[in-house]
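[1] pasting a predicted model and its sequence here:
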Amino acid sequence: YFSVKNVRPPTRHHSKARAISRFLLKIVHMAEVLDKVQEKIFTSWEFKAITPPATLEGKIPENAIYIEGYANTTAKDRVQDVVAAWNWSEPILSSYMKNGFGTLLFMHDHDKPVGKILEVEGRDDGLFVRGFVSKSWKDAWMVEEGLIKGFSIGYMIDWMNSRYDAQADTYYLAIKELLE
């Protein structure tokens, strides 16, 4: 669940063999740094007191902060990738919710669960989520005071179905599985 910048398919500007060779070298280099670097894709949101929808009545603990917002949008991210809205199909979203995922993690750290995602909704402009942050988390005050104001998703990329638009210099990523 990462994005890599500067790994682009061969272009017409180089001989085919040379372009393929360069492309393969970049892939080898990418594999070497994957253990060291993970790009995080953040989507901003603003904290404000909001009332949960009726569908979540009784699902949010008393000792919790209700949150909602876009976990991902269809805009280009920091590394010029786009997770398009067509990724948020029913099978991917229901698999995410059914397989015990939905735990809200702090900074993608599986040792730091801070809440739960209760609803996910694929929209034309991104992935909208509703859930809560537990006030028992020692840093929950940062959510209430607006110091933490973003979501980030973790996913597995389906490279075979992802596509690159050279004119826009953008990868349109296909998602195999939504993990967090």
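    Okay, I see it.
[2] pull the residues that contact stretch 62-74.
    41, 43, 45, 47, 50-52, 56, 60, 82-85, 115, 117, 120, 124-136, 140, 143-144, 151-153 (C-beta atoms under 8 Å, 6 or more residues apart in numbering). Bear in mind the C-beta positions are built from the backbone N, C-alpha and C, glycine included.
[3] filter those residues to the buried ones?
    41, 43, 45, 47, 52, 56, 60, 82-83, 85, 115, 117, 120, 126-133, 135, 140, 143, 151-153 (16 or more other C-beta atoms under 10 Å).
[4] so where is the protein shaky, pLDDT-wise?
    1-49, 99-101 (pLDDT under 70).
[5] would you map the helices across it?
    For the chain, the helices defined by DSSP state H cover 16-33, 90-98, 140-144.
[6] what about stretch 173-180, how long is it end to end?
    16 Å (C-alpha to C-alpha, to the nearest Å).
[7] same question, stretch 67-82
    Calculated as C-alpha to C-alpha, the first-to-last residue distance of stretch 67-82 is 24 Å.
[8] other residues contacting the longest strand anywhere in the chain?
    Secondary structure of the chain read by DSSP state E shows that its longest strand is strand 109-123. If you take C-beta under 8 Å, 6+ apart as the criterion, strand 109-123 is touched by 55-56, 59-60, 64-65, 67, 71, 85, 87-89, 93, 96-97, 102-106, 127-134, 137, 139-140, 178.
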